[in-house]
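Novice: pasting a predicted model and its sequence here:
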Amino acid sequence: MAIKSREKVAKSKNKNSIPGIHRIAAIQMASGPYVAANLSEAERLIEIAVNMGARLIALPEYFAIMGLKDTDKVAVREKEGSGPIQRFLSKTAKKHQVWIIGGSVPLECGNPDKVRNTCLVFDDRGKQVARYDKIHLFGFEKGDEHYQEKKTIEPGNKVVTVDTPFGKLGLSICYDLRFPELYRAMGEVDIIAVPSAFTETTGKAHWETLVRARAIENLCYVIAPGQGGYHASGRETHGNSMIVDPWGVVQDRLPRGSGIVISSINTAYLKSLRKSLPALKHRKL
């Protein structure tokens with residue numbers, strides 16, 4: 001992330017005073033196998049985003065743990081409403097009076113050998129206001145790369161949206177991005193969140209195309225924070241976290257490493273686009 005001058009940061013904060021314009025931030029990380037260290041890094045980056053004027057901040061998938069093996073996330077899974085990861089999200093949101101999209105958190109499920117890969121949203125009082133369990137589970141086999149999320153994750157089955165001060169927010173996680181019917185099922189949303197840990201192989205081929213497509217076809221903003229770099233397990237994630245506007249224009253991006261992607265969302269601009277191109281009202285199927 002490029003260092004911004006105090007003047008630019010001040011201007012970013014001032015934009016929050018304009019009705020209908022809000023600053024949002026996507027945080028990119030290269031998380032490791034230790035929860036405490038990852039939470040410390042997330043806290044550092046959230047504070048930077050707050051100081052840049054962000055009122056809605058999204059963390060990447062698996063922000064709290066990218067283990068040495070897939071079962072590591074099962075070992076640190078939490079019961080909904082308790083545990084160090086959830087306490088961190090609640091406490092941090094309340095401390096900075098911001099909304100936080102908690103990337104994904106490993107939560108307990110009925111199977112002791114699996115987790116729900118869950119995106120939790122906390123409001124500016126630190127209250128959990130939404131929960132989305134990842135529906136589509138990634139599977140990929142190519143050469144030495146092997147991923148089968150179904151071995152350690154129990155899929156969710158509910159489409160989730162939540163009303164926020166920034167507009168209606170639709171929740172999804174990573175591999176969900178490939179399934180446009182999920183976003184159609186959300187109805188008209190103003191923002192789509194896609195916290196991710198795309199592999200470098202699939203990410204360099206498809207990530208930006210898919211993120212921009214979801215913004216264009218739904219005429220909404222997409223906030224897409226990702227894991228970006230090399231991990232202790234040897235896995236490489238694509239990064240390229242971005243915020244895309246309803247016309248499909250990338251507002252800001254970060255290719256690799258830890259940092260912040262930040263932009264303003266403008267509800268008046270979104271409404272004007274939907275008025276001039278009412279594609280959502282032209283649907284037939």
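Specialist: The structure has been received and is ready for your questions.

Novice: starting from the helix or strand encompassing residue 215, tell me the next helix or strand along the chain.
Specialist: Here residue 215 sits within helix 208-218, counting by DSSP states H and E. Counting by DSSP H and E, the element after helix 208-218 in chain order, helix or strand, is strand 221-224.

Novice: for that following strand, what is the average pLDDT?
Specialist: Strand 221-224 carries an average pLDDT of 98.

Novice: mind listing what's buried along it?
Specialist: For strand 221-224, a neighbour-count test (16 or more other C-beta atoms under 10 Å) marks 221-224 as buried. In this view, the C-beta of every residue, glycine as well, is placed from N, C-alpha and C.

Novice: likewise stretch 115-128?
Specialist: Neighbour-count burial for stretch 115-128, counted by 16+ other C-beta under 10 Å, picks out 115-124, 126, 128.

Novice: biggest separation within the residues you listed, which pair?
Specialist: Farthest apart among the buried residues of stretch 115-128 by C-beta to C-beta are 115 and 124. That separation is 27.6 Å.

Novice: follow-up on the earlier one: could the buried residues of stretch 115-128 go into a markdown table alongside distance to residue 210, secondary structure and pLDDT?
Specialist: Output for the buried residues of stretch 115-128, formatted as a markdown table (distance: C-beta to C-beta, whole Å; DSSP: H, G, I helix; E, B strand; the rest coil; pLDDT from 0 to 100):
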| residue | distance to residue 210 | secondary structure | pLDDT |
| --- | --- | --- | --- |
| 115 | 25 | strand | 98 |
| 116 | 23 | strand | 98 |
| 117 | 19 | strand | 98 |
| 118 | 22 | strand | 98 |
| 119 | 18 | strand | 98 |
| 120 | 23 | strand | 98 |
| 121 | 22 | strand | 98 |
| 122 | 27 | strand | 98 |
| 123 | 29 | coil | 98 |
| 124 | 30 | coil | 98 |
| 126 | 32 | coil | 98 |
| 128 | 28 | strand | 98 |
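
Novice: adding distance to residue 228, write those out as a markdown table.
Specialist: As requested, those are arranged in a markdown table below (distance: C-beta to C-beta, whole Å):
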| residue | distance to residue 228 |
| --- | --- |
| 115 | 23 |
| 116 | 24 |
| 117 | 19 |
| 118 | 22 |
| 119 | 18 |
| 120 | 22 |
| 121 | 22 |
| 122 | 23 |
| 123 | 27 |
| 124 | 27 |
| 126 | 28 |
| 128 | 27 |
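
Novice: could you point out which of those residues is nearest to residue 53?
Specialist: Set against residue 53, the nearest of the buried residues of stretch 115-128 by C-beta to C-beta is residue 124 (14.1 Å).

Novice: pretty sure that closest one is touching residue 98, no?
Specialist: Yes. Between residue 124 and residue 98 there is a contact at 5.7 Å, judged by C-beta atoms under 8 Å.
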